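Trainee: pasting the sequence and the predicted coordinates here, then a few questions.
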Amino acid sequence: MASRHGKDGGGLRRRDFMAWLGAAGLGAWAGCGVRRGDAPAPPAIPGVVIAYDPLKSYPYRGWEDLYRRELVWDRVVRSTHSANCTGSCSWKVYLKDGIMVREEQAADYPPISAELPDYNPRGCQKGACFVEYVYGAQRLRTPLIRAGARGEGKWRRASWDEALGLIARKLLDNVYQHGPDTNFFFSVIPAMSPVSFSGGSRLAHFIGAVFLSFYDWYCDLPPGEPLTWGVQTESCECADWFNAKTIVLWGSNINATRIPDAHFAWEARYHGAKIAAVFPDYNGSSIHADLFLGIRPGTDAALALGVANVLVQAGKIDVPYVKEQTDLPFLVCTDTGRFLRAADLAAGGREDVFYVWDEAAGRPAPAPGTMGSSERHLRLGDVRPALTGTWRVRGHDGRELAVTPVFALLARELAAYPVARVVRETGLAERDVRELAALLGDRKPAMIIHGAGVNHWYHNDLINRALMLLVALTGNTGKNGGGFNHYVGQERVWPEHGFKQLAFPRGAKKQRFQNTTLWTYVHSDQRDPQLHGGKPPGKTIDWYIRESVGRGWMPLYPKQPDPARPTRKPRALIVWRANYLNQAKGNEHILRSLWQDLDLIVDVNFRMDTTALHADVVLPASTYYEKTDINTTDCHSYVHPFGKVLDPLYESRTDWDVFGALAQAMAKEAAARGLTPYRDEELDWTRDLTRLHDEWSDGGRLARDEQAVDFILGHSAETKGLSYAALASGPKRFQA
């Protein structure tokens, strides 16, 4: 081929250029085997300059040392994050010249057993960048007092003494003029930082304030669990996923929300488990599943009940388990729908002794292990409970009572969910519904990993219970690799006893507690939307709330002369470790009603979040890397520390120090006013608030964060013998 420059025009032929590229490329591929300059120089091309090896004569190479220096540090501190992500990951934080330069996942979790994969390393990319947040522009640096209208964004800088004095005076005014139950404290789940939680809860305890609930407020709570099992949330630690033969990811996108733990599910799959994914979207976890069920949003209960119906019809239930471990054999009076009780059969009989139909004896037999039973176990012995049938028994008043087992009623209810109906409502294919039933019924142990998305629907308690029914019918609860496992927050405080003693020293009976959702509803202008769209059939949610408050079934603070028509209003709200306003449903209603009744709103925070923006006083809190605490979760069985990587920046303080200082300010103000002890009749407690700090700090024995950590560890059976100093060397597993 002739050159474009002419036959003899000094041009470069294509074959010559390619030969040069090949030689140069070979040198690059050979790496350190070819010295710089060994490759042939490129042929000259008229009008074209080829930049070749610019570093050969580059005048300044010192910039390379900047990268080398990133890998040099003065010391490493063990710490973690308090973001309620459930991860509870131990991190190593590296410091150079007193500045945090990087974070690294810890990889020294002790193995649980040789049969299980371990937890190493543990962390995600979200946790690896918290250093940037500590030094970020959004940090609160000084106490602030509102200088304009709430939410207007006008603030003035204040000293700690001024801010704490303002808060102390208002809280004391409320105690003596309006009652201690007009002061309210709100913080979220304690396991992620129990010392920080306890700093405020302890102060609320000693001044008689009301502590607001949290799990219901941000709508993570699976209410089906406390209603059915009597526990707030029950779940296995994530290593147990590996023991499963079937895993159903039901609304829990573990690749996005359980990042440090997802590998246990995928390792279980490599180990032979089958994974089904029930989601409206085809997400990052769905792509790895053996069976994907792209369900129509809000139809989870229909799918669960349909699968339960298939299991019952196909005889794939665990009959011995159902008879012994569930209430499905309990007898129900068909005319009233109530359990048959000892009080029905004999005058003066107990209301909490229930019965099964004993096929061996042909008569009702007391079910062992119920609340009123003398037997504190579930073993059936010679009793053979029936699951179907109807019988007549004679009551103590001579009447005949028709009775049938709960299971018979359940089977009748489930029959209303044939596969055809499930397909119609959920949008799923019939074969997929049946395959899900086969996985749960045939491949055991089987578990459901549940996420919070399902909890955000009305009647979510019934959705939870429909899913729990599946693992109960198939005998998959209470077994390694099985069960209904709900993960949304760091729910599990492993050293629980010590934590409760620290948070509420005189016990729960001496503490005012309040359901936040009900409290907010009653004290704001929020109303059930059903009230605004015409009267629906039946009773509204509003009706039930008013009834529960009016009859005293649910506590409402402040206490009201007439609970049906509240007249006393809340007066102060203190928020820390939380964002109450952002987590509200319909916060525009709160801002124009409840918020206007509150005389004082305080937010303890390291950034200006939604609640802080609408507060009266904002106190700067230290970040996760600037405090001393511990961290646990239900996702694993280890305890590890918040190491104070550096002292709190600017004028920030740890949560423990903030509430200790507030206790001092209140005690000083009470003494200056000459306040006599306050008699709290409801809790039978005479409160001398001039001694508040002495009580809060237990006479100085709990003045520092580290002392509080050691108190929790030392007063819990799971961590007896451990100390904060011992945790600094790495995560420690709780003692069984």
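Mentor: Structure's in. What do you need? Just so it is clear, the model here is predicted, and its values are computed rather than measured.

Trainee: so who does residue 159 touch?
Mentor: Counting by Cβ atoms under 8 Å, 6 or more residues apart in numbering, residue 159 touches residue 143. Quick note: C-beta positions are derived from backbone N, CA and C, even for glycine.

Trainee: phi, psi for the nearest residue to residue 262 once chain neighbours are set aside please.
Mentor: Excluding its sequence neighbours, the residue lying closest to residue 262 (Cβ to Cβ, 6 or more residues apart in numbering) is residue 254, at 4.3 Å. Backbone dihedrals for residue 254, given as degrees, to the nearest 10, come out at phi -60, psi -30.

Trainee: over to residue 330?
Mentor: The phi/psi pair for residue 330 (degrees, to the nearest 10) reads phi -60, psi 140.

Trainee: can you pull the contacts of it?
Mentor: 339, 340, 354, 355, 356, 367, 405, 406.

Trainee: looking at those residues, which are in strands?
Mentor: If you go by DSSP state E, the contacts of residue 330 have 355, 356, 405 in strands.

Trainee: with neighbour count added, can I get those in TSV?
Mentor: Output for the ones in strands among the contacts of residue 330, formatted as TSV (neighbours: other Cβ atoms under 10 Å):
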residue	neighbour count
355	25
356	25
405	25
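
Trainee: roughly how far is the helix or strand where residue 726 lies from the heart of the chain?
Mentor: Element membership of residue 726 [criterion: DSSP states H and E] is helix 724-727. Helix 724-727 sits 25 Å away from the centroid of its parent chain (Cα atoms, centre = their mean, to the nearest Å).

Trainee: list the pairing partners of the next helix or strand after that helix within its sheet, with orientation.
Mentor: Downstream of helix 724-727, the first helix or strand assigned by DSSP H and E is strand 732-733. Strand 732-733 has these partner strands in its sheet, going by DSSP bridges: strand 638-642 (antiparallel).

Trainee: quick one: contacts of stretch 350-359?
Mentor: By Cβ under 8 Å, 6+ apart, stretch 350-359 touches 323, 327, 329-331, 339-343, 345, 363-367, 370-373, 383-386, 389, 391, 403, 405.

Trainee: among those residues, name the ones in strands.
Mentor: Short answer: the contacts of stretch 350-359 in strands (DSSP E) are 331, 363, 364, 365, 366, 391, 403, 405.

Trainee: burial measure for the second one, as a count.
Mentor: Residues lying near residue 363 (other Cβ atoms under 10 Å) number 11.

Trainee: which ones are touching it?
Mentor: With contacts defined as Cβ under 8 Å, 6+ apart, residue 363 is in contact with 357, 393.

Trainee: related to what we said a few turns ago, take the ones in strands among the contacts of residue 330 and lay them out in CSV including distance to residue 499 and pLDDT.
Mentor: Output for the ones in strands among the contacts of residue 330, formatted as CSV (distance: Cβ to Cβ, whole Å; pLDDT from 0 to 100):
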residue, distance to residue 499, pLDDT
355, 40, 97
356, 40, 97
405, 42, 98
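
Trainee: how about residue 377, nearest residue that isn't a chain neighbour?
Mentor: Residue 377's closest residue in space is residue 369 (Cβ to Cβ, 6+ apart), at 5.7 Å.

Trainee: wait, the one you found sits on residue 380?
Mentor: No: if you go by Cβ atoms under 8 Å, residue 369 and residue 380 don't touch, sitting 9.8 Å apart.

Trainee: show me what contacts the residue nearest in space to the middle of the chain?
Mentor: Ranked by distance to the mean C-alpha position of the chain (Cα atoms, centre = their mean), the top residue is residue 489 at 1.1 Å. Counting by Cβ under 8 Å, 6+ apart, residue 489 touches 84, 86, 188, 189, 191, 192, 215, 220.

Trainee: most neighbours, which of those residues?
Mentor: Neighbour counts for the contacts of residue 489 (other Cβ under 10 Å) peak at residue 192, which has 29 neighbours.

Trainee: for residue 231, see how far away that residue is.
Mentor: Separation of residue 192 from residue 231 (Cβ to Cβ, to the nearest Å): 19 Å.

Trainee: circling back to that earlier point, by contact count, what packs against the helix holding residue 726?
Mentor: strand 638-642, helix 705-714 (3 or more Cβ pairs under 8 Å, 6 or more residues apart in numbering; DSSP states H and E).

Trainee: among these, where is the model least confident on average?
Mentor: When those are compared by mean pLDDT, strand 638-642 comes last with a mean of 93.

Trainee: for that strand, buried residues please.
Mentor: 638, 639, 640, 641, 642 (16 or more other Cβ atoms under 10 Å).

Trainee: a markdown table for the helices and strands packed on helix 724-727, including distance to residue 735?
Mentor: A markdown table is the format used below for the helices and strands packed on helix 724-727 (distance: least, Cβ to Cβ, whole Å):
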| stretch | distance to residue 735 |
| --- | --- |
| strand 638-642 | 10 |
| helix 705-714 | 11 |
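
Trainee: before we move on, the earlier item: so what touches the helix holding residue 726?
Mentor: Residues from elsewhere that reach helix 724-727 (Cβ under 8 Å, 6+ apart): 78, 628, 630, 639, 640, 641, 706, 709, 710, 713, 732.
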